[in-house]
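K.L.:
test case, fold it:
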Amino acid sequence: MPVLYRAAADLTVVLHMGYALFILLGQLAVVAGVVLRWRWIRNVTFRGLHLMAIVIVVAESLLGITCPLTTLEKWLRQRGGQMTYEGDFIANCVHDALFVDFQPWALTTAYVTFGLLVAVTFWLAPPKRYKVSDEWLLEGSGGEM
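P.N.:
Next comes the predicted model:
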């Protein structure tokens, strides 16, 4: 049974990294989309999920709450008999990239600053709802915003 807990812990790290990458790469895509005038970056669902994701991170940081994914991973590793972040090579790489050793105030400052950047891009390129008949949906490409 410990093997299942270890595998679940590794999967949790991968999901955690995916969450972080969604926030980071999503914001890079939005900024690039503003510059390159991509219409798809205004998608309401994408932008709403992206905003919600960074708001959760900022709120956890400001309130001093440990991320539930971190808590889950640690619990799974303990159940799996692991005291450190061992696991597979990929899981270790993902974990090391995700958990950098910074002072808590530095991480909070970074999270809040990034959250403000997301808010600014909401102002620069607000999300819009498009009708299914809109030309850009049929073509699958951006165009003029």
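K.L.:
might one say that residue 117 is in contact with residue 28?
P.N.:
No. Counting by CB atoms under 8 Å, residue 117 does not reach residue 28; the two are 10.5 Å apart. Every C-beta, even on glycine, is put in place using the N, C-alpha and C of the backbone.
K.L.:
look at these two and report which has more neighbours.
P.N.:
Neighbours were counted for residue 117 and for residue 28 using other CB atoms under 10 Å; residue 117 has more, 14 against 10.
K.L.:
how far away from the center of its chain is the strand or helix carrying that one?
P.N.:
Per DSSP states H and E, residue 117 falls inside helix 104-124. Put simply, helix 104-124 sits 13 Å off its chain's centre (CA atoms, centre = their mean, to the nearest Å).
K.L.:
could you point out the longest helix in this protein?
P.N.:
The residue-count maximum for a helix in the chain (DSSP state H) belongs to helix 2-36.
K.L.:
does residue 70 belong to a helix or a strand, and which?
P.N.:
Short version: residue 70 belongs to helix 68-79, going by DSSP H and E.
K.L.:
roughly how far apart are residue 2 and residue 45?
P.N.:
Counting by CB to CB, to the nearest Å, the gap from residue 2 to residue 45 is 39 Å.
K.L.:
related to what we said a few turns ago, so the longest helix of the chain versus helix 68-79, what angle?
P.N.:
160 degrees (axes from the mean of the first three to the mean of the last three CA atoms, to 10 degrees).
K.L.:
list the buried ones in the helix or strand just after helix 2-36?
P.N.:
Per DSSP H and E, the first helix or strand lying C-terminal to helix 2-36 is helix 44-63. Neighbour-count burial for helix 44-63, counted by 16 or more other CB atoms under 10 Å, picks out 46-47, 50-51, 53-54, 56-58, 60-61.
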